[in-house]
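Q: dropping a prediction and its sequence here:
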Amino acid sequence: MAFEAVSERAPSRVLDVGCGPGEFAERIAREIGAEVVAIDTSPRMVELARERGVDARVGDVQDLPFEAASFDCVLAAWMLYHVPEIDRALFELARVLDVDGRLVAVTNHRDHLREARQLLGVERADGGGFPAEDAPSMLQRYFRAVEARDAAGLIRFPDMPSLAAYLASLQGSDEPVPIPADTTFPFVTRRRPVILVATKQ
């Protein structure tokens with residue numbers, strides 16, 4: 001859905017902010033034919049993205065190293081909730097977009113993966129400074145039109161090893177997480193991501 005939101009704009013120049021290892025940026029360049037520039041705060045992620053042939057650079061969304069109106073589409077997928085100064089980041093994203101440029105931002109509701117997180121003793125997902133409940137009104141400060149596209153669904157885990165491995169990944173650990181013995185399988189948890197499509201004022 002995020003890729004579709006980018007491709008709908010038929011962009012010629014795209015900025016991928018918080019690009020990680022560059023899979024999304026590579027796909028945009030390959031399938032849409034757009035010129036793509038990607039940034040990430042992690043030098044290692046930039047290195048991995050460059051190995052995919054992506055024009056990737058170390059950079060911070062709060063102080064983008066680009067002139068105004070440099071892009072007609074910006075992608076910020078699952079990263080704005082990590083940003084300390086979200087207003088500064090949104091200002092920067094709007095600044096580098098051309099007139100009628102599109103921002104595609106992906107974030108989660110606060111109850112994303114609630115059932116899985118309860119097994120970890122975490123009642124709700126950390127929405128940081130950009131939870132889906134508040135994100136549209138935050139974007140409206142800098143963008144004239146904001147559309148929220150619900151991408152909710154279910155994740156089913158067939159057995160205990162698959163669930164334990166997934167919970168470990170949520171914690172950034174390689175060690176399996178102990179699962180209560182009375183957990184029933186298949187175990188189902190609801191995912192609640194939202195794709196926000198915003199047009200520059």
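A: Thanks, I have it.
Q: output the strand of greatest length in the chain as PDB, nothing but the C-alphas.
A: Ranked by residue count under DSSP state E, the longest strand found in the chain is strand 97-108. The C-alpha trace of strand 97-108 is given here as PDB (Å, rounded to 0.1, in the frame of the first residue of the first chain):
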ATOM      1  CA  LEU A  97       8.800  18.900  -1.500                       C
ATOM      2  CA  ASP A  98       7.800  20.700  -4.700                       C
ATOM      3  CA  VAL A  99       4.400  22.400  -5.000                       C
ATOM      4  CA  ASP A 100       1.700  19.700  -4.900                       C
ATOM      5  CA  GLY A 101       4.400  17.200  -3.800                       C
ATOM      6  CA  ARG A 102       3.400  14.100  -1.900                       C
ATOM      7  CA  LEU A 103       4.500  12.800   1.500                       C
ATOM      8  CA  VAL A 104       3.900   9.100   2.100                       C
ATOM      9  CA  ALA A 105       4.400   8.400   5.800                       C
ATOM     10  CA  VAL A 106       3.700   5.000   7.500                       C
ATOM     11  CA  THR A 107       3.200   4.700  11.200                       C
ATOM     12  CA  ASN A 108       1.200   2.500  13.700                       C
END
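Q: that strand: how far from the chain's middle?
A: Remark: strand 97-108 is offset 12 Å from the chain centroid, using Cα atoms, centre = their mean, to the nearest Å.
Q: can you list contacts of that strand?
A: With contact meaning Cβ atoms under 8 Å, 6 or more residues apart in numbering, strand 97-108 is reached by 2, 5-6, 9, 11, 69-78, 80-81, 93-94, 125, 127, 130-132, 135, 139, 143, 191-200. C-betas here are computed from N, CA, C, even on glycine.
Q: I appreciate the help and will end here.
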